[in-house]
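Engineer: The sequence and its predicted three-dimensional model are supplied below.
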Amino acid sequence: MRAVIAITSAVSMILAQVPTTGLAQSAQPVALNSAQTGAENAAIDNAFKAFPNGGDALAKRISDLITRNPKLATDLVNYVQTTPKITYGQKIAAERGLAAALERMGVKAADLPVYKAPPPQAAVYDYTWLAALAALAVVGGIVCVAGACNNGHGPPISPNF
């Protein structure tokens, strides 16, 4: 029996070190309408190429693009974060254009609820186990005293005695 446990333990320790890949995580995301997405990304790219220094004109164009298609806002954010050739002025213009588009669509950040973390709870200790242990100790003490006070006048332990 010990050999079976030792072999099982050794095999499980070896298998625990093997790297695994989940099958569900390896699937590639599928673009639903890649032609339209490419055209929208091209519109963002063309807007940034038309205004290399940024400015109010780029902010206005980005605001118009996002107002026409609000789903383009995530593409804009991804474009600004992942494209290394964007200048500081273009980033500022993209931010202002996104803010203007959200304002035109009626989105107000002040209307959103602010998350407040709940206050930390005080530690509550449960000492019922200690009371049960004390009760068992008292019962054990009573049994010992009752057995010790017998003074050997009880029945014999063995019939051969």
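Structural biologist: The structure has been received and is ready for your questions.
Engineer: show me where pLDDT drops low in this structure?
Structural biologist: 1, 11, 15, 18-40, 109-112, 147-161 (pLDDT under 70).
Engineer: 90 instead?
Structural biologist: The model of the chain has pLDDT under 90 over residues 1-45, 52-54, 69-74, 77-86, 102-131, 139-161.
Engineer: Contacts only, for the residue most central in space within the chain.
Structural biologist: In the chain, the residue lying closest to the centroid (C-alpha atoms, centre = their mean) is A117, at 15.7 Å. Shown in contact with A117 (C-beta atoms under 8 Å, 6 or more residues apart in numbering): no residues. (Each C-beta comes from the backbone N, C-alpha and C, glycine too.)
Engineer: could I get the lengthiest helix in the chain in PDB with only the CA atoms?
Structural biologist: Within the chain, and with DSSP state H defining each element, the longest helix by residue count is helix 128-148. What follows is helix 128-148, C-alpha atoms only, in PDB (Å, rounded to 0.1, in the frame of the first residue of the first chain):
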ATOM      1  CA  THR A 128     -17.400  28.700  21.800                       C
ATOM      2  CA  TRP A 129     -14.800  26.000  21.200                       C
ATOM      3  CA  LEU A 130     -13.000  27.200  24.400                       C
ATOM      4  CA  ALA A 131     -16.200  26.900  26.500                       C
ATOM      5  CA  ALA A 132     -16.700  23.300  25.100                       C
ATOM      6  CA  LEU A 133     -13.100  22.400  25.900                       C
ATOM      7  CA  ALA A 134     -13.500  23.700  29.500                       C
ATOM      8  CA  ALA A 135     -16.700  21.700  29.900                       C
ATOM      9  CA  LEU A 136     -15.000  18.600  28.700                       C
ATOM     10  CA  ALA A 137     -12.100  19.200  31.100                       C
ATOM     11  CA  VAL A 138     -14.600  19.600  34.000                       C
ATOM     12  CA  VAL A 139     -16.400  16.400  33.100                       C
ATOM     13  CA  GLY A 140     -13.000  14.600  32.800                       C
ATOM     14  CA  GLY A 141     -12.000  15.900  36.200                       C
ATOM     15  CA  ILE A 142     -15.200  14.800  37.800                       C
ATOM     16  CA  VAL A 143     -14.700  11.300  36.300                       C
ATOM     17  CA  CYS A 144     -11.100  11.100  37.600                       C
ATOM     18  CA  VAL A 145     -12.000  12.300  41.100                       C
ATOM     19  CA  ALA A 146     -15.000   9.800  41.300                       C
ATOM     20  CA  GLY A 147     -12.700   7.000  40.200                       C
ATOM     21  CA  ALA A 148      -9.900   8.000  42.600                       C
END
